[in-house]
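J.: quick one: sequence and predicted model below, then my questions.
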Amino acid sequence: MKIAGIKHYSKALVEIAHENNCWDEILADLESVDDKINENLDFKKYLDDRQVSFEKKQEALKTVFQDFISSRTYNFVYLLLKSGKLLSLSSILELARKHDLKEKDLMEIIVESVIPLTPKQEKKIVKILSEKVGAKLILKNLINKELIAGVRIFFGDTEIDSSLQGKIVRLKQQIENYE
């Protein structure tokens, strides 16, 4: 999916949610919709089938979601269905989260580790990186058992890999380059 084709949907979503002070509600609803669509492959195929009329797809959406999500969220889902972008909801949500953080002058950093970081470790990482980046940071800790030890940090377009797995891979590449 081309980002340019969905960028304005994510931006509009954030603007509407902020104007109505309901970002968390809409985000939770849309994540639920996205999960349900992606969990049920038959439903996903049905929504993508060109042989199925728009009206039948709309009725299916009403049946499945209308009682579980807000009317504002349903209207957004309906708009995505109408424009043929509903199956791009995951990408739209990802862009919307980034846009929301940018509007709040925040940057998300992802820290992969073998075990969960302690609050003290999180604070230290945020402090060091926020001084380097010059922005307020939100840390998201993901568990990755393949790292063996150490951490891998992602922020913006930057990756800092101080994991044992990363060191092994780099050492292997050096050895292969000597041959």
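T.: Sure thing, it's come through.

J.: could you pull out the strands in the chain for me?
T.: 106-113, 136-143, 151-155, 158-161 (DSSP state E).

J.: send me the third one as CSV with only the CA atoms.
T.: Think strand 151-155. Extracted C-alpha coordinates of strand 151-155, given in CSV (Å, rounded to 0.1, in the frame of the first residue of the first chain):
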residue,chain,number,x,y,z
VAL,A,151,19.3,-4.4,24.1
ARG,A,152,18.4,-3.2,20.7
ILE,A,153,17.0,0.4,20.5
PHE,A,154,14.9,1.9,17.6
PHE,A,155,14.0,5.5,17.3
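
J.: strand partners of it, parallel vs antiparallel please.
T.: Neighbouring strands of strand 151-155 in its sheet, by DSSP bridges, are strand 106-113 (antiparallel), strand 158-161 (antiparallel).

J.: burial count for the residue lying closest to Gly156 once chain neighbours are set aside?
T.: In space, and not counting its chain neighbours, Gly156 is closest to Met107: 6.8 Å by C-beta to C-beta, 6 or more residues apart in numbering. All C-beta atoms are positioned from the backbone trio N, CA, C, and that covers glycine. Look at Met107: counted by other C-beta atoms under 10 Å, it has 18 neighbours.
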